[in-house]
Structures are given as structure tokens and as C-alpha cells.
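[1] Take a look and give me a structure for this.
(chains A and B)
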Amino acid sequence: MAMSDTMTASAERAPANRVSAGGAPTERTTAKPRFSSDLPQVWIGIFLIAVTGFGPSLVGNSYWVHTFQLVNIYIAASVFQNFLFVDAGQKSFGQGVLLGLGAYVTAIFFGLHGYPFMLAAAIGMGAAVAGGLLFAFPALRVQYFHLGFVTLSAAIVFPQLLMSLDRWTNGINGISVSMPELHHEWFLGLSPLTIIIAVWPMIALWIHYAIRRSKLGRDMRVAAISPEAARSLGIKPGVMRFIAFIIAAIGTGVCGVLYLPAVSFVSPQGFNVELSFVFFFAVVVGGRGQMLGPIIGIWIVFILPNIALAQLVEYRLLIYGLLTLAAVMLFPDGIVGSIERWRVKRGVTGRGEQAFRVDRFLDTLEGGKDSQPSQEIVVEVRGGTKKFGEVVAVDNVDLKVRKGEVHGLIGANGSGKTSLLNVLSGLSRLNAGSFAIKGRNATRMAADRIADLGIGRTFQTPRIFREFSLWDNLRIGIDARTGVGSADIGKLADALEAEFAEDSAELLSHGQRRLVEVMRAVLKEAEIIFFDEPAAGLSQSERANFARLVKFLSRRMGKTIILVEHDLDLVWDIADTITVMEQGRVVASGSPEQMAKDPAVQHMFVGGRRA
Amino acid sequence: MLAEIAIIVVRGCAIGSIFALIAMSFNIVHGATGILNFAQGNMFVLGGFAAVFLANEVGVAWWILMLLVAGVLVAVIVTLQGWITLAPLRSSVEQDSWLISTVAVSTIIAAALMIWQGPFAYTVQGVVPSFRVFGVRTPGAYALAIGAMVFWYFALRIFLRRTFLGLAISALSQDFDAARAAGLPVRRLQLVAFAISGLMVGTAGYLVAPVISVASDAGLRYVLNGFVAAVVGGIGSNLGTLIGGPLVGIVGMLTAYRIGGAYQDLASLLLLVAILMLRPQGLFGRTSARRV
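    Below is the predicted model of the structure:
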């Protein structure tokens, strides 16, 4: 059963980018515009930081040297705010606290107690990380506005504590330090401090970029955008949030340590709520998620009222607020984001049917052999009951799914099919009864652990991430794989990467989005795949293609499939076993032929069409 | 000793009633829109400023009239803010712009008050005479705060369960899409919810102006403590705020007496973190805060 013959009737209609028999795409004549401008933005950013960081020293303007030292420290802090805000989806109003902890604790140990600077800085970093833990621990349990309030309270409390713990902090008088050796000219007018402070935001940008390109970064973004999709891919969203807060705390802590020699003075007024707001607002105004966003944002939010319009300095908070409100109302993507959106719009052209097809790729899978369902039971539910308040969604259900079979789960709306599927994938828990997957009791397992048992699933609304390229949308399946991948899938992945690395997933049709989710599960090498109403919203021909794909997955790749579906024709066409649910109970189960004759099922068909 | 306990409990409950009121005003907007208004504390402070400018050392009749004026004024401002906050949500795919815009509005109000009135804390002469609890003189505004909390709790209960408008707003909090499908004017109902929340915090700020510091930068403290009260009680539960508010108030008072006034906000922060770690859905929470 060759996929290219069966998957689409239109396969012969000369696809734009033909793939050779080996699976590698042929050289394309025109290069696609890059999907992500992150890398060019990083380079532009490094250039801008270099100009502002080194330039004033080269021309010998000490006022601007000092100003841009502070600006570049703030840019680095905003880079980590940007990472936290977009890549991890966490709105923190307390990043100024972490910078303050790094600066103040270093100042206390270095300035007041005479510790060596490096040792004091290490203690300061420890304090910043400890502060980050205050945000990170609640993040394990809750998210969203809850963390917004936690971080905002910290920003309010921190300067209060600096004042009232005056026995240690010197209170309102602050702490002055002197580090002349760092300010001495080294060469070309550059001091060691100038160099370090210019290099750190560049490193910060690279760290952000590197994380975003890594498996960790993709996992974080998936968790931030769709926690349930993340969990079905074996990702723990709470842990992702925790890690993100810690990374941001370390990065911001370094900014704090650098703040001390740059400003030579710390006082409680320097670390009030306003500082945290500057970082937050800079990210919004500059462009959330854009690599250049924090740079442009700090230039506008900080430089504009504080330096360029110094006579308006009393109005700066008002200006921050108005700029941010205007950004949200008028250009929600921020300045860099609006430019980027314009670039993407120009470059993106819908590729129609060709935008995402996989038949040719699947053909390259050599391991395919005809496999038949075995007698081994891989999913078993015993007396499963799930209640939502008074409503019994799943009522004492017994279910056995054999390895390698396509198991159709049908029934009217509200009969408990999706509830059962959510229980099986760990997104909700049984109130009574138990279930086992591949012989392991999974009744109380979290969704991410169940995913790691080799389960893949699709959702009623496909979870496609427009922030990711089409290839990255598929790649998160590989990220979720637990073992070493097979060679076949490796080849398949290479071919998909070559084809779709620079494609956008935004313009895909609904059917194509569904296909992306299926391929994600294939790349995850899930042995058992749950489909939640996969045919809903598909056209007639897309349904036919989908049916062939499911058969391919089952017969050629040996996957076990549980399919919740309303399209009875489709189910009867592809299922080996059909289970019928009604008001939470299983009323019948057996082969399609048996089911067609079962009186409990007959009434589901208008006029007994199937009988 | 007994007197000290009495002071802590009475004042804690009274200050806590303010937090409970702010928490209830959170709840009604959150139920109708899913938004938590970070500017709510500033709106409360605006009510206080209304008392400073409209009703300092005045007669009872004028004071009552100005109470209504203050409530309506703040309600109008909050409704306007609600309109601004909801506007981008209509088209935008990402739904968290409200968090940014309410924080921005909070900053704008605080900054505008600062420019207009400077960093000073204002005091107001109350009309309700002070009374004695266990021999301790207690300002009348404390009684007003507790009274306002009880009044608004029952008023909201009746409004949300007995009136058509209230039931429609309740429907929003149950199922947003169903309410829209049923033909409810969702946007207008949401603005009504904003208006009610403004009326609540506007009058509350006005009533308790004699016992709070009416200052441009006070808003954040109140919004935070109000939020902690809402979380302790369980977001969405007005009954919970009746416990959560006074609890936060008493913890703050206890901290002020035993450790120092500067540590009150720290105590609230630690209480918030503890609750989120141990019982994120709060005491009476309908839905878990845990959204993983």
C-alpha cells in the first residue's frame, strides 16, 4: 500500500517541490524568506549595543559612557524579562527586585563588610536566585495573574524592606562603593567596566536566542501557549515555569552585580516598583518576543523621559504608562513586532494544498510491513467512573483495546467519549475504577507521565503554534520522544525539516493542521494514538485521505489507535473494534459487522442504513 | 493584653473589610470578563481623594450626597477603563493584553495623582463619631468599613440572584459562549460589571478616607491586599472574601503590632505565597487556580 497512490488523488498534479525517491527534497530554485528573523535581530542588537556601549568611550564623552552603561544593564534585564514574558508566558512585575537583590547584597558585603568583590558578587547572585525562588515556587502550582500579583507584591515590599532593615542595609542613606580599578582606561578609552557592561547584554541576547532554539525553549513555549498540549507531549508546565523564573533570576542578578560598579551607589529609592515597571513596559513597547524589542523598548521608555526630555522627568511614570497603554491599544505587537509583522506579511504566500502534505514522506518509511491487531491488551479500563459535580460523565466503563487495532469510540454528544479520552491521557482523573496502559496502572499518573508511556493525541481544535515554523511544530513531537528514535523516523524528520523549516504554520487549512498533529504523534513515535473527533471540519476528500492515513498508521506502522468520532461511515470504514457509549456507559462493543447488527446501535443510523 | 487583642481584632477586621470589598469588586469583574483589574486599588484611592476634596469637615446631609457623587464618579472612570481594557480583546487573538493595560492604567492614575497632588498623604475629618471597644477609642470609619462590607455582600447576593441584570452577569461567569449564543449583550453586561465594581470601591474609599492614608502611591498596597483576600477566600467567591479580607487585615495588624508597621506588606506577600502553594483554589474557590 503505497501512500502516494492512495493518500491523495492529486498527487500527480506536479507538486512545486518534488521530493526524490530517496526522500531528500530536490534543490529549490527560489529560496524561501526566513520564517524567523530572530538571528538577524540578534546581530542588529549586538551591533546597536556595541555602538552605544563602546562608542561614547571612543569619542571620550564620559556622560554618555555612564548613561549607556546603565541603559545597557537595563537592556540585559529586559532581555530576560522578554524571555520570561513570551517564551515562558510569565508576566512578572518584579524583575527589578532581582536586580536590586543582586546589587544591594553585593553592596552590603563588598561596601559595608569589605569582602572581596567577587565573593560579594557571588553572595549577591545567590540572593537574586533566592528571590527568584520566591517567584518560582508558586509558579509550580499556579500561573497567570496569580504570579503577576506575587511579583508585584515583591516589587512593593522590597524597597520597604531595604528601608526598615537598616541595620543591614544602611536604610535610606544607601551604600556607596568605590572601584576605581574598574573605571581606569584600558585601551582606546575603554575601561574594563565599559567592556563588561557592553558585553553582558550581548551575551544575554545570545542566551535568549540559544534557549529559544533549544528543546527546552520549545518545551517552554508549548507549555506557555497550550498547557494541555504540553502535558500530552510529556512536558510539565509547572517545571517549565520554575526553570524560566530561575534562568531569569540568574540573568537579572548579573545585571544587579554590574549595576553596583556602574552607579557606585545603591539606595532604596533606586529599586522601587518603578524599576520593575520599566523592564516590563520596555518589553511591551519594544515588541513582545522580538529579540530587538528590549533594546528599542528601553531606548524609548527609559531614555526618552529620563535623558532626552530631562525637564519632563517628573512625568516619566505618566509617560511609561501612556506609552504602554498606547502600545496595547494601537500596536499590540510593539514597535519591532509591528515591523516584523509587516515583513512576514510580505513574505508569506499561501501554498494552498501544497502547504503541508506528508504522503510522499511517509512512503520513505521502510519498516512498513503488514501488521494485524494482536491479542495483547495495551489499554484497559476497569469500572472507570468520572463525575463532574452531579453529572456522571463516565459511568462504570470497562474497555479493552488490543495492540495494533483501530478502536472506534462512538456515541451521541455528551455520552462521555471525550471525557474518557481525557481520563486516558491523564488530563482528568477517574473518581472510581482504574485503567492500565501497556500493563502499567496509570490511574493516578499525571498527563506528562502517561505521554512518556508512548501515548500521542490530537485535540478537537488542533494545537498549532503560529510562533513556530511548520517544522518546529512537527519537531516538538521529536522533542517529546522518550527513547532513541528509529532510523526510519530520523530520515522522515530530515526530509520534513528540509521541506518545512522556513514555512509558516499560520495559513494551513484545518485539515492540514490536523495532519500536523498526527505527524507530531508519528515523530514522537507514540505507540498508541488518541484521536479526538479528527474528522470534524474536514472536507469529504480530506476525510478519505485521513482514513487512509489511519490505516497506514495501524497496518504499516503497527500503531494502536483510539478514535472518538461522530462520522460513523468513517469509523465503520477503518475501525477493527467499535465501542458504543450512551450516557456515560458502554452499551455495546465488538467488530463493525457485529455492531451493525446490534439492536443497541441500530437506532443511531437513520433508517437503519447500516443494517 | 486583652485590650491589645481587641485592638488587633477590631482594627484588623475593619481594615480587612476594605480588602474584602476590593476582593468582591474583583470578583464581579472577573466573573463577567475573566479580567482582574490591577488598577482597582487606585480607583479605591480615588474614592478617598473624593472625600478629601468634596467632603472634608462637612455636614451629614452633604456627606451622604457626596458619597453618592464619589461612587458615581469612580464608577464612570472604571467603566471607561473597562471599555479601554475590553477594546483590544474584541479582535486580538491573544487575550492577555488586559493584564498590561490595567497595569498601565494603574501607573497612569498613580502618576497623575502624584503630579497633581504631590507625594503627600491627606487626612479627612470623618462625620461618624468614634466609639469605644473594650475601652479603646475606635474611629467611626472602622464601623463604616465593616458595615459597607456586609451591605455589599448582601446587595451583590440579591443583585446576582434575583435581578434579571444580575442573573445575566452571573450567566457570563458560568459560560461565556453560551451567554453570547443566548443573545445576551455581553459587552454591555461586562461594562455594567465594571461600573458596579467602580461604585463599590469608590464608595468604600470615600467611607474609610478618615482612617487610610489618601496618597497617590497607596493604590498598589490596596490592590495587593485585596487580591490576597480574594485568593484566600477563593477567587469568585464573595463568601470567601468575608473570611479572607478580615484574615488578611488581622495578619497585617498583628504584624504591625508585633514586628513593625513596615512589615505588613511582607506579611501579606508571604500569606499569598503560602496560600498559592498549599491551597491555590482558596477556602471557597469554585475552580482551582491551578491551570496547568
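[2] count of neighbours near A:Asn545?
    23 (other C-beta atoms under 10 Å in any protein chain shown). Placement of C-beta: from N, CA and C, glycine included.
[3] all helices for the stretch 1-150 of chain B, in order.
    For the stretch 1-150 of chain B, the helices defined by DSSP state H, counting those that start in this stretch cover B:2-33, B:40-54, B:60-91, B:97-117, B:140-162.
[4] Chain A is nearest to which of those?
    With C-beta to the nearest C-beta, the closest approach to chain A among the helices of the stretch 1-150 of chain B belongs to helix B:97-117: 3.6 Å.
[5] Okay, angle between the closest one and helix B:60-91 too, please.
    Here the directions of helix B:97-117 and helix B:60-91 differ by 140 degrees (axes from the mean of the first three to the mean of the last three C-alpha atoms, to 10 degrees).
[6] Specify the angle between helix B:97-117 and helix B:40-54 in degrees.
    Interaxial angle of helix B:97-117 relative to helix B:40-54 (the same axes, to 10 degrees): 30 degrees.
[7] follow-up on the earlier one: dump the helices of the stretch 1-150 of chain B to TSV, plus distance to A:Ala223 and mean pLDDT.
    Formatted as TSV, the helices of the stretch 1-150 of chain B follow (distance: least, C-beta to C-beta, whole Å; pLDDT from 0 to 100):
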stretch	distance to A:Ala223	mean pLDDT
helix B:2-33	24	90
helix B:40-54	29	93
helix B:60-91	23	89
helix B:97-117	18	91
helix B:140-162	35	93
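[8] Please convert these to TSV, extending it with mean neighbour count and distance to A:Glu274.
    Shown next, in TSV, are those (neighbours: other C-beta atoms under 10 Å in any protein chain shown; distance: least, C-beta to C-beta, whole Å):
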stretch	mean neighbour count	distance to A:Glu274
helix B:2-33	23	23
helix B:40-54	25	15
helix B:60-91	18	21
helix B:97-117	22	9
helix B:140-162	18	30
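[9] would you turn those into TSV with distance to A:Glu376?
    Shown next, in TSV, are the helices of the stretch 1-150 of chain B (distance: least, C-beta to C-beta, whole Å):
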stretch	distance to A:Glu376
helix B:2-33	50
helix B:40-54	59
helix B:60-91	50
helix B:97-117	50
helix B:140-162	55
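[10] With distance to chain A as added columns, please give those in JSON lines.
    Shown next, in JSON lines, are the helices of the stretch 1-150 of chain B (distance: least, C-beta to the nearest C-beta, whole Å):
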{"stretch": "helix B:2-33", "distance to chain A": "9"}
{"stretch": "helix B:40-54", "distance to chain A": "10"}
{"stretch": "helix B:60-91", "distance to chain A": "6"}
{"stretch": "helix B:97-117", "distance to chain A": "4"}
{"stretch": "helix B:140-162", "distance to chain A": "19"}
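[11] Which among those helices is found nearest to A:Val177?
    Among these, helix B:97-117 comes nearest to A:Val177, with 30.7 Å by C-beta to C-beta.
[12] Do I have it right that A:Ile73 meets A:Val199?
    No. Between A:Ile73 and A:Val199 there is no contact under C-beta atoms under 8 Å: 11.7 Å.
[13] Neighbour count: those two, which is higher?
    A:Ile73 (25 against 17).
[14] for the residue in the stretch 401-550 of chain A that chain B sits nearest to, helix, strand, or coil?
    When scored by C-beta to the nearest C-beta, the stretch 401-550 of chain A has A:Arg466 as its residue closest to chain B, at 8.5 Å. Applying DSSP: H, G, I helix; E, B strand; the rest coil to A:Arg466 yields a three-state assignment of coil.
[15] likewise A:Val381?
    Classified using three-state DSSP, A:Val381 is strand.
[16] Tell me what it is bridged to.
    Beta-bridge pairing for A:Val381 (DSSP bridges): A:Leu399, A:Phe435.
[17] now do B:Arg137
    With DSSP bridges as the rule, B:Arg137 is bridged to B:Arg132.
[18] quick one on the thing from earlier: quick one, what contacts the residue of the stretch 401-550 of chain A closest to chain B?
    A:Arg466 makes contact with A:Ser504, A:Ala505, A:Glu506, according to C-beta atoms under 8 Å, 6 or more residues apart in numbering or on different chains.
[19] Out of the residues you listed, which comes closest to A:Gln372?
    Once C-beta to C-beta is applied, the member of the contacts of A:Arg466 that ends up nearest A:Gln372 is A:Ala505, at 35.3 Å.
[20] how about that closest one, what does it touch?
    For A:Ala505, counting by C-beta under 8 Å, 6+ apart, the contacting residues are A:Ile464, A:Phe465, A:Arg466, A:Phe468, A:Ser469, A:Leu470, A:Asn473, A:Arg513, A:Val516.
[21] Which secondary structure element is home to the residue positioned nearest the centre of chain A?
    For chain A, A:Arg221 is the residue whose C-alpha lies nearest the centre (C-alpha atoms, centre = their mean; 1.2 Å). Taking DSSP states H and E as the criterion, A:Arg221 maps to helix A:215-225.
[22] Using PDB, write out every CA atom in that helix.
    Listed next in PDB are the C-alpha coordinates belonging to helix A:215-225 (Å, rounded to 0.1, in the frame of the first residue of the first chain):
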ATOM      1  CA  LYS A 215      14.400  21.800  23.100                       C
ATOM      2  CA  LEU A 216      14.000  23.500  26.400                       C
ATOM      3  CA  GLY A 217      12.900  26.700  24.800                       C
ATOM      4  CA  ARG A 218      10.400  24.900  22.600                       C
ATOM      5  CA  ASP A 219       9.000  23.000  25.500                       C
ATOM      6  CA  MET A 220       8.600  26.200  27.400                       C
ATOM      7  CA  ARG A 221       6.700  28.000  24.600                       C
ATOM      8  CA  VAL A 222       4.400  25.000  24.100                       C
ATOM      9  CA  ALA A 223       3.700  24.900  27.900                       C
ATOM     10  CA  ALA A 224       3.100  28.700  27.900                       C
ATOM     11  CA  ILE A 225       0.700  28.700  24.900                       C
END
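[23] The next helix or strand after it and chain B in contact?
    Per DSSP H and E, the first helix or strand lying C-terminal to helix A:215-225 is helix A:227-232. Yes. With C-beta under 8 Å from any C-beta of the partner chain as the criterion, chain B is reached by helix A:227-232 at A:Pro227, A:Arg231.
[24] who does helix A:227-232 touch, helix- and strand-wise?
    If you count contacts as 3 or more C-beta pairs under 8 Å, 6 or more residues apart in numbering or on different chains; DSSP states H and E, helix A:227-232 packs onto helix A:215-225, helix A:237-263, helix A:447-452, strand A:455-457.
[25] how about low-confidence regions in the stretch 151-292 of chain B?
    Low-confidence segments of the stretch 151-292 of chain B (pLDDT under 70): B:285-292.
[26] Find me the pLDDT at the residue in the stretch 151-300 of chain A that chain B sits nearest to, would you?
    Here the stretch 151-300 of chain A gets closest to chain B at one residue, A:Ser164, 3.6 Å apart by C-beta to the nearest C-beta. pLDDT for A:Ser164: 90.
[27] Let me know the secondary structure of the closest residue to it other than its chain neighbours.
    Of all residues not flanking A:Ser164 in the chain, B:Ala262 sits nearest, at 3.6 Å (C-beta to C-beta, 6 or more residues apart in numbering or on different chains). Taken by three-state DSSP, the conformation at B:Ala262 corresponds to helix.
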